[in-house]
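A.B. asks: whatever this is, show me its structure:
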Amino acid sequence: MTDQTNTAPSSAELFGSNRMWGLKELPLPEPVSWWPQTAGWYILAVIILAAAIWLGLHLRDRYRHNAYRRSGLAELQAMSADPTSLTALPFLLRKSALAASTRDDVASLRGNDWVQWLNRSAGRELFAEDDGRILDRLAYANEPTARLDAATAQHLLDASTAWMRYHHAAV
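C.D. replies: Alright, predicted model coming up:
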């Protein structure tokens with residue numbers, strides 16, 4: 001007869017059967033590399049890098065080209081605080097237009113032709129027909145702001161600010 005007493009099982013008996021003794025763990029494969037394995041990925045990386053460089057250079061050139069616009073908007077903001085500085089408004093518009101377009105397109109324009117060009121370059125009607133005469137008077141008269149009412153001055157500043165923001169560089 002066999003002795004069937006309550007004895008605690010050994011750790012080998014708890015792990016599984018005796019057949020598993022002596023087995024060795026299987027070697028794991030090398031981890032998969034994240035580095036690209038084919039030439040197509042290198043070509044794609046070069047294309048993406050070239051596109052990023054081109055975009056960066058394009059944005060830098062655009063930022064530099066619009067320096068006159070940022071400067072003009074800052075001057076317009078200063079003019080709105082000091083109404084006596086409105087005498088510089090026609091010169092600021094002309095200087096900005098010369099920076100945005102060719103001299104042949106802008107330099108000879110006066111009065112109504114000048115206002116029409118400003119409206120065309122902005123793509124909308126910002127200046128009224130009479131504003132050309134007012135801008136000429138601001139440029140050439142002595143103390144022109146004394147005869148300019150507040151509503152007209154505000155209209156000219158608002159139209160000039162909108163033109164400075166939204167005009168297209170080439171008409």
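
A.B. asks: now the helices for the chain?
C.D. replies: Assigned by DSSP state H, the helices in the chain fall at 11-15, 39-65, 67-81, 89-100, 103-106, 111-122, 131-140, 150-166.

A.B. asks: give me the mean pLDDT for the second one.
C.D. replies: Along helix 39-65, the predicted confidence averages to a pLDDT of 96.

A.B. asks: and for the last one?
C.D. replies: Averaged over helix 150-166, pLDDT sits at 91.

A.B. asks: just to revisit the earlier point, make CSV out of the helices of the chain and add mean neighbour count and distance to Gly22.
C.D. replies: For every residue, glycine as well, the C-beta is placed using N, CA and C. What follows is those, written out as CSV (neighbours: other CB atoms under 10 Å; distance: least, CB to CB, whole Å):
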stretch, mean neighbour count, distance to Gly22
helix 11-15, 9, 11
helix 39-65, 10, 45
helix 67-81, 15, 80
helix 89-100, 19, 86
helix 103-106, 13, 93
helix 111-122, 18, 88
helix 131-140, 18, 100
helix 150-166, 16, 82
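
A.B. asks: measure Gly72 to Lys95 for me?
C.D. replies: Look at Gly72 and Lys95: by CB to CB, to the nearest Å, they are 8 Å apart.

A.B. asks: dump the residue contacts of the spatially most central residue of the chain.
C.D. replies: Nearest to the centroid of the C-alpha atoms of the chain, with distances taken as CA atoms, centre = their mean, sits Leu59, at 7.7 Å. Neighbouring residues of Leu59 by CB atoms under 8 Å, 6 or more residues apart in numbering: there are none.

A.B. asks: quick revisit: would you turn the helices of the chain into a markdown table with distance to Lys24?
C.D. replies: Listed next are the helices of the chain as a markdown table, based on distance: least, CB to CB, whole Å:
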| stretch | distance to Lys24 |
| --- | --- |
| helix 11-15 | 15 |
| helix 39-65 | 38 |
| helix 67-81 | 72 |
| helix 89-100 | 79 |
| helix 103-106 | 86 |
| helix 111-122 | 81 |
| helix 131-140 | 93 |
| helix 150-166 | 75 |
